[in-house]
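In: Provided below for reference: sequence and predicted model.
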Amino acid sequence: MKAFILSLFGLGGASCCLGEVLKAPPDSPDASRQYVFYLHGGIVTASDGRPVSREFGAYEYRAILGRFSDDGFVVMSEIRPDDGDPARYARRVAGWIAQLRKSGVPAAHISVVGASMGGVIAAHVSALLDERDLSFVILAGLYDDEPERSLVLHGRVLSIHDRTDAHSIVPESYFGRSKLSASRSIVTETGLGHGLIYTAHPAWYEATRDWIAGGAGGPAPARDATLEFCGFFTTPGEAWYSLTDTSDQGSSGWLKAGQSFRGYTVESFDRVREALRLSRDGRSLELRLREARVKEGRETISGVVTVGPGERIEGVRASLYLGEESVFPLREGVALHLTATRRPDGNMQYHSFFTVRAREGRETIEDAPDVLALPGQSFSMMVGDKGYEFKP
């Protein structure tokens, strides 16, 4: 067995007990255990295992491994000597996975967790192995870069990154072209940016642990999900749907048909009845669009959105809740934020702005003036080359 033992460390005044972590799969693996390959961020490469970023502080690599080990996972990880060829290292990991599979370990008991550059490598592993039961967690690593942006992923893929991360991270772009048995995107609100991955922060670690356990048939909140259909956004060419698990307020983000959340896969949408059909384990579930939290506080709007010079999205149809911000994906990197409120005089007020994310990850906000309209009447706005025309 190729292994090294991690000892007790004092980290920032606290101590954590770290267990045995393997550098490669054991010679005689126990097929009943769950195996996690952890692929660290690029800052750890060729380091002593605790490099320090001027912006984000220390990368607690050993503490992250210890957290997985303490939770009962068999953890495999090593400090990479270089990151010159992510695809080459991915082939190394894929070989280890093949070794476990040959020894009788079910694919559902194997997971790959990659952070930043490790997430890039994990995406390559997912593209190499066409196994629907393998689980992948990609932490701030699904970048809008070539050649990765053309990868076709397989298996169960969970993407997690913080909303304030300066990198251009586009999980929906990957999910839309991939062949996934399950997918989910989580955008955290920690304000840590890329520093989210530097520790075993609960915002990513707990979701990762549950995703792995759910894939292996173990106990996970996803198995008792109480789902609520909370929004849709459709155009003639595409459609997105949003779900919430009311047991823990977990959000799916925007899903397309064929993508999954908490074990349920989106199948179809009845636009007349505003009902979403999901499936799980051969069973169907129909969810009607949720009611508003205020009286008469839900409306369906339709119309046109302009996102650039001569670039109009016709036939838009979306759900809108009074007092709640809706964020509609228009095209890659561009979103419309729209909030409707009812004024004391009974008229409607619509507050909106556009967010535009550049390829290097920088996000800009393009503000728009508020629009007033009579209830049930059309409302529109145009500032520069962006705007909309909607009718309830």
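Out: Cool, the structure landed. No experiment lies behind these values; they were computed from the predicted model shown.
In: from memory Tyr38 sits against Glu78, does it?
Out: No. If you go by C-beta atoms under 8 Å, Tyr38 and Glu78 don't touch, sitting 9.5 Å apart. Backbone N, C-alpha and C define where each C-beta goes, glycine included.
In: Looking at these two, which one has more neighbours?
Out: Each of Tyr38 and Glu78 has its neighbours counted (other C-beta atoms under 10 Å); Tyr38 has more, 24 against 16.
In: In three-state terms, label Trp96 for me.
Out: Following DSSP: H, G, I helix; E, B strand; the rest coil, Trp96 is assigned to helix.
In: Tell me who's in contact with it.
Out: Residues near Trp96 by C-beta atoms under 8 Å, 6 or more residues apart in numbering: Ala24, Pro25, Phe37, Met76.
In: separation between the second one and His154?
Out: What that stands for is Pro25. In this view, Pro25 and His154 are 20 Å apart by C-beta to C-beta, to the nearest Å.
In: Comparing these two, which residue is more hemmed in?
Out: Comparing Pro25 with His154 by other C-beta under 10 Å, the one with more neighbours is Pro25, at 23 against 20.
In: Leu151 and Ile79, how far apart?
Out: For Leu151, the distance to Ile79 - C-beta to C-beta - is 25 Å.
In: Equivalent analysis for Val113, please.
Out: Taking C-beta to C-beta, one finds Val113 at 15 Å from Ile79.
In: How about Asp385?
Out: From Asp385 across to Ile79, the span is 48 Å (C-beta to C-beta).
In: wait, which of the contacts of Trp96 is closest to Arg298?
Out: Phe37 (44.7 Å; C-beta to C-beta).
In: Okay, and the closest one sits in which element?
Out: Secondary-structure assignment from DSSP states H and E places Phe37 in strand 35-39.
In: Mind giving me the packing neighbours of that strand?
Out: Of the remaining helices and strands, those touching strand 35-39 by 3 or more C-beta pairs under 8 Å, 6 or more residues apart in numbering; DSSP states H and E are helix 61-70, strand 74-76, helix 86-102, strand 110-115, helix 117-128.
In: One more pass at 10 Å, please.
Out: Here strand 35-39 touches strand 20-22, helix 61-70, strand 74-76, helix 86-102, strand 110-115, helix 117-128, strand 135-139, helix 202-215, going by 3 or more C-beta pairs under 10 Å, 6 or more residues apart in numbering; DSSP states H and E.
In: Can I get the ones you listed in JSON lines including distance to Arg362 and mean pLDDT?
Out: What follows is the helices and strands packed on strand 35-39, written out as JSON lines (distance: least, C-beta to C-beta, whole Å; pLDDT from 0 to 100):
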{"stretch": "strand 20-22", "distance to Arg362": "37", "mean pLDDT": "78"}
{"stretch": "helix 61-70", "distance to Arg362": "28", "mean pLDDT": "92"}
{"stretch": "strand 74-76", "distance to Arg362": "35", "mean pLDDT": "94"}
{"stretch": "helix 86-102", "distance to Arg362": "24", "mean pLDDT": "96"}
{"stretch": "strand 110-115", "distance to Arg362": "22", "mean pLDDT": "98"}
{"stretch": "helix 117-128", "distance to Arg362": "20", "mean pLDDT": "96"}
{"stretch": "strand 135-139", "distance to Arg362": "21", "mean pLDDT": "97"}
{"stretch": "helix 202-215", "distance to Arg362": "23", "mean pLDDT": "86"}
